[in-house]
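Peer 1: Fold the following.
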Amino acid sequence: MFVATLLTNPAAASLDRATVESLRDAWGGGNAVWLSVGVAAEFALDGIPANRWDVWQGLQAIGVDLVVQPMQGRRKKMLLADMDSTMIQQECIDELAAEAGVGPRVTGITARAMNGELDFEGALRERVGLLKGLDESVIAHVLNTRITYMPGGDVLLATMKAQGAYAALVSGGFTAFTTSVAAHLGFDENRANTLLIEAGKLTGKVADPILGREAKVSALKDISARLGLPHDAVMAVGDGANDLGMLGLAGAGVALHAKPSVAAQCDIRINHGDLTALLYIQGYSRDEFAA
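Peer 2: As a prediction, this is how the structure comes out:
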């Protein structure tokens, strides 16, 4: 048995009954269940329709995401999340670069790296090198003035943890940021790269080994094994090419507002919903969300 979930941006709440029921009828699905009126609805299916991606593309044009997945086991026991442009709305290294006066140069490298056009490790070393001499106090300044959280992240964490799930933040960014973000949102642990600092200044180097694509896969394997969970019990979420390994290994790999080349390799693509979409696709109704 499968389930089709339609959802949109909660700030717009533009999902209408006609859209849901016309698709349900066309696909011969079960009764439509509204998880949140105007935001998310679902219905059961006997199989995956052959025209799923054509329908998905059509719904994208009206601001609606569509996810089709097996119904059994969709409520996950572990959340493994990327940080930059996933749990927060920025790329931390780009914000540091803006403070250092090399913003455009670093932003361009970041975009190419996240799209899979550049080697992640080499691109990270190059960008960090451009930050050499930046005062370490700028990190706190960026956290306080430039970093904003992705809508729905606090509810996602609170709801999954209330149901006994474990949450890990695994980033190709820096521990100087993941420590704060993890504490704010309630992650159980965080892993990231370490910026090297001497005499209060960034050295332009990052500690080895660099946490990239394979390290995120290793984190999924290590943490799930420690918890005694199969990979199918994990939901992973990210937006960049360095997230593809963990997205492919997890039971549910969610490409959230992802680069096109990344989204194309994932079956779960959220382009319009916020982080509460990860609850709706697990079958949680709005009434079940933790405060």
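Peer 1: Ends of stretch 51-67, what's the gap?
Peer 2: 13 Å (CA to CA, to the nearest Å).
Peer 1: what's the spacing between it and its chain's center?
Peer 2: A distance of 20 Å separates the centroid of the chain from that of stretch 51-67, by CA atoms, centre = their mean, to the nearest Å.
Peer 1: What residues of that stretch count as buried?
Peer 2: Arg52, Val55, Trp56, Leu59, Val64, Asp65, Leu66, Val67 (16 or more other CB atoms under 10 Å). Quick note: C-beta positions are derived from backbone N, CA and C, even for glycine.
Peer 1: Repeat that for stretch 241-251.
Peer 2: Ala241, Asn242, Asp243, Leu244, Gly245, Met246, Leu247, Leu249, Ala250, Gly251.
Peer 1: ok, now stretch 33-48?
Peer 2: Here stretch 33-48 shows Leu35, Ser36, Val39, Ala40, Ala41, Glu42, Phe43, Leu45 as buried, counting by 16+ other CB under 10 Å.
Peer 1: Verify the stated contact: the second one with Tyr284.
Peer 2: Read that as Ser36. No. At 9.4 Å, Ser36 does not count as touching Tyr284 under the criterion of CB atoms under 8 Å.
Peer 1: Identify the contacts common to those two.
Peer 2: Taking CB atoms under 8 Å, 6 or more residues apart in numbering as the contact definition, Ser36 and Tyr284 share no neighbouring residue.
Peer 1: From Glu136, how far off is the residue of the chain most remote from its centre?
Peer 2: Computed with CA atoms, centre = their mean, the residue of the chain farthest from its C-alpha average is Ala199, at 35.1 Å. When CB to CB, to the nearest Å is the yardstick, Ala199 and Glu136 sit 9 Å from each other.
Peer 1: same question, Gly58
Peer 2: Per CB to CB, Gly58 is found 50 Å from Glu136.
Peer 1: now swap in Ala219 and tell me
Peer 2: 26 Å.
Peer 1: Between these two, which has more neighbouring residues?
Peer 2: Taking other CB atoms under 10 Å, Ala219 and Glu136 do not tie; Ala219 has more neighbours (19 against 14).
Peer 1: How about the contacts made by Leu96?
Peer 2: Leu131, Leu134, Val138, Ile139, Val142.
Peer 1: cutoff 10 Å now
Peer 2: For Leu96, the contact set (CB atoms under 10 Å, 6 or more residues apart in numbering) comprises 102-103, 106, 127-128, 130-131, 134, 138-139, 141-142, 146, 173-174, 176-177, 195, 202.
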